[in-house]
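Participant: missing the sequence, but the structure's below:
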């Protein structure tokens, strides 16, 4: 996607199970916390603002210890400096750990908002750290409820701190509670999406998934090593086999003595976010049992079946790097035209280098069109989705002016995005979206030709075609009842999601820059 949206975020967890007394983490194979940076590298696509780790080691004074910083995983863990990296791994070594990569959908770009978030306590089972991925839709209500008690102060303006307060509330008392029952109580308060990893200084690891299963979480066991991650790829790259999907409304409780799976909430329906297959997840991952790569190929084949432009030697399909490549290749193959990299992305430009620049400047720095591929051609530019469109306009102009393309036909492997997301994707107002500027209400079938022509003209494209809402579940190979399509249809699976959408409709002309859930 050239006009990217992001979500919050990616999580990973590891635990070395087994009998006997744990060591100090220095024995070979005992410091499994060293696996976390490697796993987070495979989740870098889910967040590039900050990264962190919390590790459990009963052999050190700081039983639970947390390290986090702003930057990508390689920067945070100093992977390019072997000595510094090894020092970090040694200091934060342990028999269990959780890790996180963050993109901010709520809260500022500040290390205080990075995760995991640790809460110290004198009692080991009350001393915990956690990280999560998602968004609490009723965050504002829960926050106000806490503040209304009169003697509370919230340091961070985000839902992570709300979760921390609710966890702490359930851990009061003199006896350690059943952690499955703790999460059972939490879910009654939360409306929204969450995959969460929790680790305490008493040696408990919890990995939990919300009752709707908005965000993915996978887990596997190899010998006495347990691991979990937001996607299957980190586990695959660690040579785990038999990778499973954690069912919605369930949690895994891991201790030195072993692991167990518990249901903490009934699952009224599945509502897996379709955007995981369209854009977010690594193309090599399998999400909820469905291959991301094969899903994207089917999206391209569906676009090809609906193509109306006559194909000839002057036609070329060009993917937007990198998430649209699978769809582009499949579409081109079915149409019998070449798929060429006519738009090259500069993979080595740093995030900080382009901060503060306009979208046009960012696009011109990040992408280079190739006249050798584009000149005089009818270009089918394949994009995974269109959310805001501002950068896409610049790219289309660059393809024409610098690439000297004769025509630019935009093909989108996703239906029009019509509504904000209440569950963790950074598109939270209607005003910022491209399609609602032209389309009055969500349309499930094909868009009328005259409407498509207006949309194309606004973008500066020769023509435009979207994947239909009906075709999307077929491409993912899941029934539409198991997917959250709310940002396409305006039909939200939870009460607060629907409520936020009505608020977004009512205040869609607001100019204060705030997200709907703020």
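Facilitator: Received the coordinates, thanks. Predicted model, so just to flag it, every value in this text is computed and none were measured. Numbering: from 1, shown residues only.
Participant: what about residue 270, how many neighbours?
Facilitator: 19 (other CB atoms under 10 Å). (Each C-beta comes from the backbone N, C-alpha and C, glycine too.)
Participant: I figured it hits residue 248, correct?
Facilitator: Yes - assessed by CB atoms under 8 Å, residue 270 is found in contact with residue 248 at 6.4 Å.
Participant: between those two, which contacts overlap?
Facilitator: 212, 213 (CB atoms under 8 Å, 6 or more residues apart in numbering).
Participant: paired strands for the helix or strand hosting residue 66, with orientation please.
Facilitator: Using DSSP states H and E, residue 66 maps to strand 64-70. Here strand 64-70 is paired, per DSSP bridges, with strand 50-56 (antiparallel).
Participant: so what's the gap between the partner strand and the chain middle?
Facilitator: Relative to its chain's centre, strand 50-56 lies at 18 Å (CA atoms, centre = their mean, to the nearest Å).
Participant: okay, buried residues for that strand please.
Facilitator: If you call a residue buried by 16 or more other CB atoms under 10 Å, then strand 50-56 has these buried ones: 50, 51, 52, 53, 54, 55, 56.
Participant: again with stretch 242-255
Facilitator: 243, 244, 245, 246, 247, 248, 249, 250, 251, 252, 253, 254.
Participant: list the contacts for the third one?
Facilitator: Residues in contact with residue 245 (CB under 8 Å, 6+ apart) are 216, 217, 218, 287, 288, 289.
Participant: to what extent is the fourth one buried, counted in neighbours?
Facilitator: Neighbouring residues of residue 287 were enumerated by other CB under 10 Å; the total is 25.
Participant: what does the third one give?
Facilitator: The burial metric for residue 218, expressed as a neighbour count using other CB under 10 Å, is 25.
Participant: kindly report the same for the second one.
Facilitator: The criterion is other CB under 10 Å. On that basis, residue 217 has 29 neighbouring residues.
Participant: how about the one 3 residues further on?
Facilitator: Counted with other CB under 10 Å, the neighbours of residue 220 add up to 19.
Participant: between the buried residues of strand 50-56, which is closest to residue 36?
Facilitator: Ranked by distance to residue 36 (CB to CB), the buried residues of strand 50-56 are led by residue 53 at 4.9 Å.
Participant: picking up where we left off before, and the buried residues of stretch 242-255, which is closest to residue 173?
Facilitator: For the buried residues of stretch 242-255, the closest approach to residue 173 (CB to CB) belongs to residue 253, at 19.1 Å.
Participant: got the contact list for that closest one?
Facilitator: With contact taken as CB under 8 Å, 6+ apart, residue 253 is in contact with 179, 180, 204, 205, 206, 259, 260, 261, 262.
Participant: correct me if wrong, but it is in a strand.
Facilitator: Yes - membership of residue 253 in a strand is supported by DSSP: H, G, I helix; E, B strand; the rest coil.
Participant: show me the beta-bridge partners of it.
Facilitator: Here residue 253 shows beta-bridge partners residue 206, residue 260, assigned using DSSP bridges.
Participant: residue 170 is in contact with residue 177, isn't it?
Facilitator: Yes - applying CB under 8 Å as the test, residue 170 and residue 177 come out as touching, 6.7 Å apart.
Participant: neighbour-wise, which of these two wins?
Facilitator: Set side by side, residue 170 and residue 177 show more neighbours around residue 170, with 17 against 13, by other CB under 10 Å.
Participant: does residue 340 really touch residue 315, like I thought?
Facilitator: No - using CB under 8 Å, residue 340 is not in contact with residue 315, being 10.8 Å away.
Participant: so where's the longest helix in this protein?
Facilitator: Ranked by residue count and defined by DSSP state H, the top helix of the chain is helix 292-305.
Participant: flag every buried residue along that helix.
Facilitator: Within helix 292-305, the residues that count as buried by 16+ other CB under 10 Å are 292-304.
Participant: how about the strands in the stretch 251-400 of the chain?
Facilitator: For the stretch 251-400 of the chain, the strands defined by DSSP state E, counting those that start in this stretch occupy 258-263, 272-273, 286-287, 290-291, 315-319, 343-345, 367-369, 378-383.
Participant: now do the stretch 51-200 of the chain
Facilitator: For the stretch 51-200 of the chain, the strands defined by DSSP E, counting those that start in this stretch cover 64-70, 96-102, 117-119, 128-136, 192-200.
Participant: so which of those is nearest residue 432?
Facilitator: Judged by CB to CB, the one of the strands of the stretch 51-200 of the chain that comes nearest to residue 432 is strand 128-136, at 16.3 Å.
Participant: measure how the closest one sits relative to strand 50-56, angle-wise.
Facilitator: 140 degrees (axes from the mean of the first three to the mean of the last three CA atoms, to 10 degrees).
Participant: mind listing the strands strand 128-136 pairs with, and their directions?
Facilitator: strand 117-119 (antiparallel), strand 192-200 (antiparallel).
Participant: now do that strand and strand 96-102, the angle between them.
Facilitator: Angle, strand 128-136 to strand 96-102, by the same axes, to 10 degrees: 40 degrees.
Participant: what is the mean pLDDT for strand 128-136?
Facilitator: Averaging pLDDT along strand 128-136 gives 96.
Participant: again, but for stretch 424-443
Facilitator: 88.
Participant: so what's the gap between stretch 250-264 and the chain middle?
Facilitator: That offset, for stretch 250-264, works out to 24 Å (CA atoms, centre = their mean).
Participant: same deal with stretch 298-309?
Facilitator: 27 Å.
Participant: I'd like the average pLDDT over it.
Facilitator: On average, stretch 298-309 scores 97.
Participant: which residues touch it?
Facilitator: Residues from elsewhere that reach stretch 298-309 (CB under 8 Å, 6+ apart): 278, 315, 326-332, 334-335, 378, 380, 382, 409, 411, 413-414, 446, 463, 465, 467, 471-472, 474-477.
Participant: let's see it at 6 Å
Facilitator: For stretch 298-309, the surrounding residues in contact (CB atoms under 6 Å, 6 or more residues apart in numbering) are 327, 330, 331, 334, 335, 411, 413, 467, 471, 475.
Participant: span of stretch 272-290 from start to end?
Facilitator: This stretch, stretch 272-290, spans 11 Å end to end (CA to CA, to the nearest Å).
Participant: quick one: buried residues of it?
Facilitator: Across stretch 272-290, burial judged by 16+ other CB under 10 Å covers 272-283, 285-288, 290.
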